[in-house]
Each structure stands twice: as structure tokens, then as C-alpha cells.
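Trainee: Structure, please.
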Amino acid sequence: MNILHLKYAVEVAKTQSISKAADNLYMGQPNLSRAIKELEESLGITIFKRTSRGIITTPDGDEFLRRARRIVAQVEEVEEIYRTKRSHKQTFSVCVPRASYISAAMAEFSKSIDLSEPAEIFYKETNSNDTITNVIRGDYNLGIVRYQSTFEKYFVSMFKEKKLVYETVAEFEYLILMNRGDPLAEKSEITIEDLKNRIQITHGDPYVPTVPLIDVKKAELSEQIDKRIYVFERAAQFELLSNVPNTFMLVSPVPQKLLDDYGLITRPCPPDGKKYKDVLIYRKDYKLSNIDDRFITDVCNSKRKCFV
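Mentor: Residues are numbered from 1 along each chain as shown. Just a heads-up that it's a prediction; the model follows:
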């Protein structure tokens with residue numbers, strides 16, 4: 001028996017449902033059921049009884065839960081006491097899409113780190129699936145999820161199901177990112193025909209909840225483009241665009257400094273009606289800290305500079 005098992009039992013008694021308790025604890029229902037069974041076996045009693053009306057506690061369970069609640073409350077009290085006595089370590093963690101305006105915000109945010117105090121800052125660029133999973137598990141406190149507006153209902157449904165707070169950070173249409181010396185840069189309007197014999201640089205792990213990957217790729221990638229290089233981090237994409245002729249990428253707005261550093265430009269895409277959203281997420285039981293607020297403010301400021 002350990003303190004986690006006590007917390008699990010208290011939550012099951014509170015919700016009178018294994019499935020609801022599992023959701024609240026951000027764990028799988030089979031794992032919770034197994035933990036409760038192990039707890040009952042270690043104690044030699046039956047704590048919960050399943051009926052047609054749901055989960056009810058046995059007499060032995062009532063006695064056990066009275067004690068368990070006191071123990072859990074005492075442990076939480078001790079944790080809170082020593083949490084407030086710890087040194088003021090600066091901690092921050094976020095998962096984001098591979099977006100240059102967000103990385104620019106991260107650079108600005110990093111300037112505010114207090115060098116007189118310890119700090120642990122985690123910044124991970126990844127796809128929407130990893131971001132959602134990492135936030136739900138508590139591995140990261142904040143996430144920014146990118147999706148095509150067409151798929152909004154799937155993402156919103158998942159946010160609600162997983163008890164995530166969500167708030168739109170930016171809405172935009174993709175731009176074409178290419179080398180400044182590309183002949184297409186001189187055109188006033190670029191068409192899909194102009195791009196057909198070029199190489200598209202694209203991220204290789206698109207994701208939409210409950211939608212097959214093949215359907216997501218059809219929605220994200222034009223069937224008229226048949227040459228692609230798939231990348232999974234931003235450094236490679238800029239090296240390719242800078243050094244490989246006839247390459248392009250579809251991106252959210254990019255800071256001017258980054259364009260100048262790599263000799264790149266952005267141009268409007270051929271109109272296709274596709275709009276995208278970047279959405280901030282965090283768990284409902286998580287309270288935003290001052291350092292979280294600073295990062296969010298820097299992201300919004302960076303967006304205002306880039307989205308003109």
C-alpha cells in the first residue's frame with residue numbers, strides 16, 4: 001500500500017465511478033481498477049462494491065476511507081508546507097508547434113530569467129498529439145496546439161474530454177517561405193502551377209484526433225505537389241530553404257530578423273480557404289504562474305509584430 005493508492009481510493013469514493021475517477025486522475029481506467037484491486041488484496045478487505053447504480057462502499061470500506069481521507073489530507077498539508085519553504089526556483093515548461101514567431105517569443109521570454117535564482121526551463125517543439133499527451137500527463141504545464149480550422153470540432157472535443165482549458169492565441173493563413181533569390185519572389189501572385197515542379201519542405205507528423213493519418217495528409221498536403229522533404233525540427237528547414245534551389249515551405253508568419261538571417265522571404269499562398277489556429281492549452285487543475293503569464297504575454301507580443 002502507498003499514498004497513491006489511498007488517493008485513488010478517495011477519488012473513487014468521491015465520484016462513485018471508476019471511469020470518472022480515472023479521468024480526474026488522468027490515468028487509464030484499467031490501471032485504476034488494478035490499483036484498487038491491489039489495495040484491497042493488501043488490506044484483506046473489499047472497499048468497493050459494484051451495483052447497477054454504480055460504485056458503493058462496503059462497511060469495511062467506509063472505515064478505511066475515513067482513515068484514508070485523514071492521511072491524504074495530512075500528506076497534502078505537509079507537501080504544501082515544504083513546497084512554500086523551498087528556494088524560489090524558476091520553473092517553466094511548454095510544448096509548442098514548430099513556429100518561428102513562438103520561438104522568437106521564447107527568446108524574448110528567456111531574457112527575463114532571473115540569473116540570481118535557480119531555473120529549469122523546458123521548451124519542446126513537437127506535433128499536436130505529443131503536446132496534448134504531455135500536458136495531460138503533467139510532463140509539461142503549458143502547450144500550444146496548431147490545427148486547421150476544419151478540424152476544430154475534433155480538437156475541442158478532445159480538450160473538453162481531457163479537462164483542458166483552451167484559448168486561441170492566433171488565427172492565420174499559411175504563407176509561402178522561400179529563398180529571397182528565387183525567381184518566384186518577383187511574381188505578384190504565385191499559383192499552384194508555379195509550385196508543381198518544386199520541392200516542398202514540410203513537417204512529417206501531422207495529427208488530428210480520431211481522424212486517420214491518410215485523411216489528415218490529404219487535407220494538409222496538395223495532391224498537385226509530388227516532391228517533398230519531411231523534417232521534424234526547424235533548423236533543418238531553414239538550411240534547406242537557404243541552400244537548396246526550388247524549395248519552399250508553408251508556414252505561419254515569420255519574424256523579419258529570421259528572414260534576414262537566412263536570406264528568405266514570405267509570399268501569400270494561392271488561395272485555398274485553409275485557415276489555421278494556434279491554441280494555448282493547460283489542465284483545469286493547473287493554476288498559471290507569473291512566469292507562465294510572462295511567456296504568454298511574449299507570445300502575444302511576437303504575434304502582433306509578425307502578423308501584419
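Trainee: Next up, the contacts around Lys124.
Mentor: Neighbouring residues of Lys124 by CB atoms under 8 Å, 6 or more residues apart in numbering: Val94, Cys95, Val96, Asp130, Asn134, Tyr140. Quick note: C-beta positions are derived from backbone N, CA and C, even for glycine.
Trainee: hmm, which two among the residues you listed are most spread apart?
Mentor: By the measure CB to CB, Val94 and Asp130 form the most distant pair in the contacts of Lys124, at 12.3 Å.
Trainee: These two: which has the busier surroundings?
Mentor: Counted by other CB atoms under 10 Å, Val94 and Asp130 do not tie: Val94 has more neighbours, with 26 against 17.
Trainee: For that one, list each beta-bridge partner.
Mentor: When assigned by DSSP bridges, Val94 has beta-bridge partners Tyr123, Leu142.
Trainee: Now do the same for it: its pLDDT.
Mentor: Residue-level confidence at Val94 comes out at 98, pLDDT.
Trainee: Surely it and Thr126 touch.
Mentor: No: judged on CB atoms under 8 Å, Val94 makes no contact with Thr126 at a distance of 10.7 Å.
Trainee: just for the stretch 151-300 of the chain, where's the confidence low?
Mentor: 206-208, 210-222 (pLDDT under 70).
Trainee: ok, 80 please
Mentor: Where the stretch 151-300 of the chain drops to pLDDT under 80, the residues are 204-224, 235, 271-273.
Trainee: how about the strands in it?
Mentor: Here the stretch 151-300 of the chain has its strands, by DSSP state E, counting those that start in this stretch, at 164-172, 175-179, 199-203, 228-231, 247-251, 264-268, 276-283.
Trainee: Of all these, which one is nearest Leu4?
Mentor: Closest to Leu4 of those, according to CB to CB: strand 276-283, at 18.0 Å.
Trainee: on that earlier part again, kindly indicate which of the contacts of Lys124 lies nearest Ile291.
Mentor: Nearest to Ile291 among the contacts of Lys124, counting by CB to CB, is Val94 at 10.4 Å.
Trainee: so Gln74 is in which element?
Mentor: helix 59-85 (DSSP states H and E).
Trainee: And that helix, what does it pack against?
Mentor: helix 3-15 (3 or more CB pairs under 8 Å, 6 or more residues apart in numbering; DSSP states H and E).
Trainee: what sits up against the helix it packs on?
Mentor: Outside helix 3-15, the residues that touch it by CB under 8 Å, 6+ apart are 18, 21, 24-25, 32, 35-36, 38-39, 47-48, 55, 57, 61, 64-65, 68-69, 71-72, 75.
Trainee: Of those, which count as buried by neighbour count?
Mentor: The neighbour count (16 or more other CB atoms under 10 Å) marks 18, 21, 24-25, 32, 35-36, 39, 47-48, 55, 57, 61, 64-65, 68, 72 as buried among the contacts of helix 3-15.
Trainee: What does the pLDDT read for Lys305?
Mentor: 94.
Trainee: Relative to Val254, how far out is it?
Mentor: 11 Å (CB to CB, to the nearest Å).
Trainee: Now list whatever residues contact both of these two.
Mentor: In terms of CB under 8 Å, 6+ apart, Lys305 and Val254 are both contacted by the residues Tyr101.
Trainee: These two: which has the busier surroundings?
Mentor: Neighbour count, other CB under 10 Å: between Lys305 and Val254, Val254 has more, with 22 against 15.
Trainee: now that one, nearest residue through space, not along the chain?
Mentor: Ranked by CB to CB, 6 or more residues apart in numbering and with sequence neighbours excluded, the top spatial neighbour of Val254 is Ser100, at 4.6 Å.
Trainee: Next: Gln29.
Mentor: According to CB to CB, 6+ apart, the nearest residue to Gln29 is Ala22 (4.4 Å).
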